[in-house]
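> My questions concern the predicted model and sequence given below.
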Amino acid sequence: MGAYKKVLLVLGVALLLAFSLCAMGANPEFDGPWELIVQTEVKQPTRMAAFLNDKFGITGGFSGEGKAHYTTDGGNTWKMAESSGGCIYGVDIVDDQTVWVCGRVTGVSFKTPGGIRLSKDGGRTFEPRTSYSSIPDECPMCFLNTKIGWAYQGGILSATKDGGEVWDDIQLPKGVKQIKAVALRSEKEGYALDLSGVLYVTANGGRSWDTLQLPLDKYKGMRMPKLESASAAMRFLDKDNGLVVLALTGSQASRIVGFRTSDGGTTWKDEFVSEKMGAVYLSPDGSFITSTISRKIFVYKFKGK
């Protein structure tokens, strides 16, 4: 084979490989440590879905048909919890038995009261609503167990330590615009993420706060969208190791991005999750991200570095 033909052959193989990679979506910008493990479309109205792992998940949506639904087989089948209330704006899963939902208190299309409510049997039944006065709006919340949790709506961050019988308001720092996600490590140690990308950290139940800044310079012109459910989520396994997940839209291609720290937020490393931007939920162990776009649900598993 002549030298000219060899050059043409090499170029042809290179072009074919490049075309194949593009066809598979292998864009280096979009490479990341997360793999899609569940992709399903549900029949029930869904604002937000939350998966604890690859099997157990919860949805909550609008209207009476949007009552909590649960799956134990990775989304292949779903059952409705009649007692959950309708018009759900937030979900938090503690474990495969303990599930909290936040919904509208009343509505014309459903009779079961909403509000913040607890299930102790994996979403099958829900207890009477707590004393929290929920409103029809996104509802960032995080619970450690059946007693201790935080919830945010209407510019107010509230805490309970008795399962919702009593809620105490937590004073947020001046300059907070809107809290998009909250996380707890203990009754006193917590995190609140502002719309601006500032992360507030307290070790004393909110009596004082330290501030950290997510490295959003790479995503100028991007923002967390206004959704009826969560556009951000975060978990801290200890004081050093944490993960913040954002849905971003704006001047660049919409996407879901994670920011990981192993030194308490001094430094962060960003991770691409998906170009399928929607409401997000992060499992308590930080291993599973759920994204919801209308009735389409995508679950991503952390596969490591």
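Done, it's in. Numbers count the residues shown, from 1 in each chain.

> Which residue ranges of the stretch 151-300 of the chain form helices?
Using DSSP state H, counting those that start in this stretch, the stretch 151-300 of the chain contains no helices.

> In it, where is pLDDT below threshold?
Residues of the stretch 151-300 of the chain meeting the criterion pLDDT under 70: none.

> what's near enough to touch Val280?
Ala230, Ser231, Ala232, Ala233, Val245, Leu246, Ala247, Ile256, Ile289, Thr290, Ser291, Thr292 (C-beta atoms under 8 Å, 6 or more residues apart in numbering). The way it works is simple: take the backbone N, C-alpha and C, and place the C-beta from them, glycine included.

> So what pairs up with it in the strands?
Ser291 (DSSP bridges).

> Closest one of the contacts of Val280 to Asp95?
Nearest to Asp95 out of the contacts of Val280 is Thr290 (C-beta to C-beta; 15.9 Å).

> how much space between that closest one and Ser229?
11 Å (C-beta to C-beta, to the nearest Å).

> Ok, Ser83 next?
In terms of C-beta to C-beta, Ser83 sits 21 Å off from Ser229.

> higher neighbour count, the two?
The neighbour comparison of Ser83 against Ser229 (other C-beta atoms under 10 Å) goes to Ser229, with 25 against 16.

> Bridge partners for the nearest residue to the more buried one once chain neighbours are set aside, pull those for me.
Nearest residue to Ser229, sequence neighbours excluded (C-beta to C-beta, 6 or more residues apart in numbering): Met48, at 3.7 Å. Taking DSSP bridges, one finds Gly60 as the beta-bridge partners of Met48.

> Any idea how many residues pack against Met48?
29.

> Spit out the contact partners of it.
For Met48, the contact set (C-beta under 8 Å, 6+ apart) comprises Thr59, Gly60, Gly61, Ile88, Tyr89, Gly90, Val91, Ser229, Ala230, Ala279, Tyr281, Thr292.

> For the fifth one, which three-state class applies?
In this case it means Tyr89. Here Tyr89 is recorded as strand under DSSP: H, G, I helix; E, B strand; the rest coil.

> please renumber so the chain begins at 15
Understood, numbering begins at 15; the last thing we discussed is Tyr103.

> wait, doesn't it sit right on Cys116?
Yes - Tyr103 is within contact range of Cys116, at 5.5 Å (criterion: C-beta atoms under 8 Å).

> quick one on the thing from earlier: now restrict the contacts of Met62 to buried residues only.
Neighbour-count burial (16 or more other C-beta atoms under 10 Å) applied to the contacts of Met62 gives Thr73, Gly74, Gly75, Ile102, Tyr103, Gly104, Val105, Ser243, Ala244, Ala293, Tyr295, Thr306.

> which residues does the closest residue to Lys202 other than its chain neighbours contact?
Closest residue to Lys202 apart from its sequence neighbours, by C-beta to C-beta, 6+ apart: Gly219 at 4.5 Å. Counting by C-beta under 8 Å, 6+ apart, Gly219 touches Ala173, Ile184, Glu201, Lys202, Gly204.

> The last one - how many residues pack around it?
As a burial measure, the neighbour count of Gly204 was computed by other C-beta under 10 Å and equals 25.

> Give me the phi and psi for the nearest residue to Arg143 once chain neighbours are set aside.
Sequence neighbours aside, Gly129 is the residue nearest to Arg143 in space, at 3.4 Å (criterion: C-beta to C-beta, 6+ apart). Main-chain torsions, Gly129, degrees, to the nearest 10: phi 80, psi -170.

> Correct me if wrong: Gly129 contacts Ile149.
No - counting by C-beta under 8 Å, Ile149 is not a contact partner of Gly129; they are 10.1 Å apart.

> So for those two, which sits in the more crowded spot?
Under the neighbour definition other C-beta under 10 Å, Gly129 and Ile149 were set side by side, and Gly129 has more, 19 against 12.

> Include distance to Lys57 when you put the contacts of Met62 into JSON lines, please.
Output for those, formatted as JSON lines (distance: C-beta to C-beta, whole Å):
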{"residue": "Thr73", "distance to Lys57": "10"}
{"residue": "Gly74", "distance to Lys57": "14"}
{"residue": "Gly75", "distance to Lys57": "11"}
{"residue": "Ile102", "distance to Lys57": "16"}
{"residue": "Tyr103", "distance to Lys57": "20"}
{"residue": "Gly104", "distance to Lys57": "21"}
{"residue": "Val105", "distance to Lys57": "18"}
{"residue": "Ser243", "distance to Lys57": "18"}
{"residue": "Ala244", "distance to Lys57": "22"}
{"residue": "Ala293", "distance to Lys57": "18"}
{"residue": "Tyr295", "distance to Lys57": "20"}
{"residue": "Thr306", "distance to Lys57": "14"}
